[in-house]
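Peer 1: The sequence and its predicted three-dimensional model are supplied below.
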Amino acid sequence: MSAAEIEKSCKAAMQKCVDFLKEELRGVRTGQASPGLVDHIRVEVASYGSTMPLRELAAISCPEPVTIVVKPFDPGTIKDIEKGLQTSDLGITPSSDGKIIRLPIPPLSGERRQQLSSQVRKMGEEQKVAVRNVRRDANKKIDASKKDSVLSEDEADNAKDAVQKLIKSFEGEIDKLVKEKSTEIESG
């Protein structure tokens with residue numbers, strides 16, 4: 001494998017880690033309503049015989065900063081959606097009028113804000129570990145290519161330096177995402 005190929009696959013894998021973190025952070029509650037809090041929740045729909053993400057079952061909107069409104073595409077699924085929201089780990093009780101479901105977002109207590117901030121930091125740390133694992137795998141590929149005489153000593157060293165620069169860049173991006181989300185939680 002050439003150094004460029006190793007670097008390209010390494011960069012793609014690290015980007016997946018950052019994208020995964022972004023998706024995870026969307027589901028972390030702040031003091032304000034956001035469709036991202038609920039759109040990923042999986043709902044067991046008996047009439048369809050499957051489990052589906054909420055975003056595929058309903059239109060999700062936030063008409064007010066403290067309320068999420070869920071309007072099912074199929075009115076027959078409203079009970080399933082309500083049950084799915086109640087059993088989720090959101091800790092918010094939905095109220096339904098038969099056509100739409102409202103989720104009032106209560107303000108966060110100081111203790112809860114600290115819990116969420118530490119949860120966000122933990123998520124960030126997990127992705128940093130994933131990025132470091134990608135670096136380790138890339139370095140193994142570089143060493144194998146050097147051993148197989150595909151890469152020279154200098155090419156292998158340059159490739160390892162390039163991978164190290166990538167990890168610094170992606171770790172910086174992860175830190176930035178965690179800091180932004182923590183600030184949003186603390187101020188929200």
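Peer 2: Arrived safely, thanks for sending. Numbering: from 1, shown residues only.

Peer 1: OK, contacts around the most centrally placed residue in the chain?
Peer 2: Centroid-nearest residue in the chain: Glu24, 2.0 Å away (criterion: CA atoms, centre = their mean). Taking CB atoms under 8 Å, 6 or more residues apart in numbering, we find Glu24 in contact with Met123. Heads up, the C-betas are built off the backbone N, CA and C, glycines and all.

Peer 1: Could you do Ile81 as well?
Peer 2: Val43, Leu54, Leu57, Ala58, Val70, Pro72, Ile101.

Peer 1: next SSE after the biggest helix by length in the chain?
Peer 2: Secondary structure of the chain read by DSSP state H shows that its longest helix is helix 110-147. Sequence-wise, the next helix or strand downstream of helix 110-147 (DSSP states H and E) is helix 153-187.

Peer 1: Check which helices and strands that following helix sits against.
Peer 2: Applying 3 or more CB pairs under 8 Å, 6 or more residues apart in numbering; DSSP states H and E, we find helix 153-187 packed against helix 3-26, helix 110-147.

Peer 1: part of a helix, is Leu108?
Peer 2: No: judged by DSSP: H, G, I helix; E, B strand; the rest coil, Leu108 forms no part of a helix; its state is coil.

Peer 1: Isn't it up against Gln114?
Peer 2: No: using CB atoms under 8 Å, Leu108 makes no contact with Gln114, being 9.6 Å away.

Peer 1: so Ala59 sits right up against Asp74, yeah?
Peer 2: No: look at Ala59 against Asp74 with CB under 8 Å: they stay out of range, at 11.6 Å.

Peer 1: tell me the domain ranges of the chain?
Peer 2: Each domain of the chain is listed here as a residue range: 3-26+109-187, 35-104, per automatic domain parsing.

Peer 1: With mean pLDDT as new columns, can the ones you listed be given to me in JSON lines?
Peer 2: Output for these, formatted as JSON lines (pLDDT from 0 to 100):
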{"stretch": "domain 3-26+109-187", "mean pLDDT": "90"}
{"stretch": "domain 35-104", "mean pLDDT": "84"}
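
Peer 1: Please report the distance of the residue of the chain positioned farthest from its centre from Ala156.
Peer 2: The C-alpha centroid of the chain is most remote from Ser149, which lies 39.9 Å away (CA atoms, centre = their mean). Using CB to CB, to the nearest Å, Ser149 is found at 11 Å from Ala156.

Peer 1: What of Phe20?
Peer 2: Phe20 is 29 Å from Ala156, by CB to CB.

Peer 1: Kindly report the same for Ile105.
Peer 2: According to CB to CB, Ile105 and Ala156 sit 53 Å apart.

Peer 1: Looking at Phe20 and Ala156, which one has more neighbours?
Peer 2: Taking other CB atoms under 10 Å, Phe20 and Ala156 do not tie; Ala156 has more neighbours (20 against 14).
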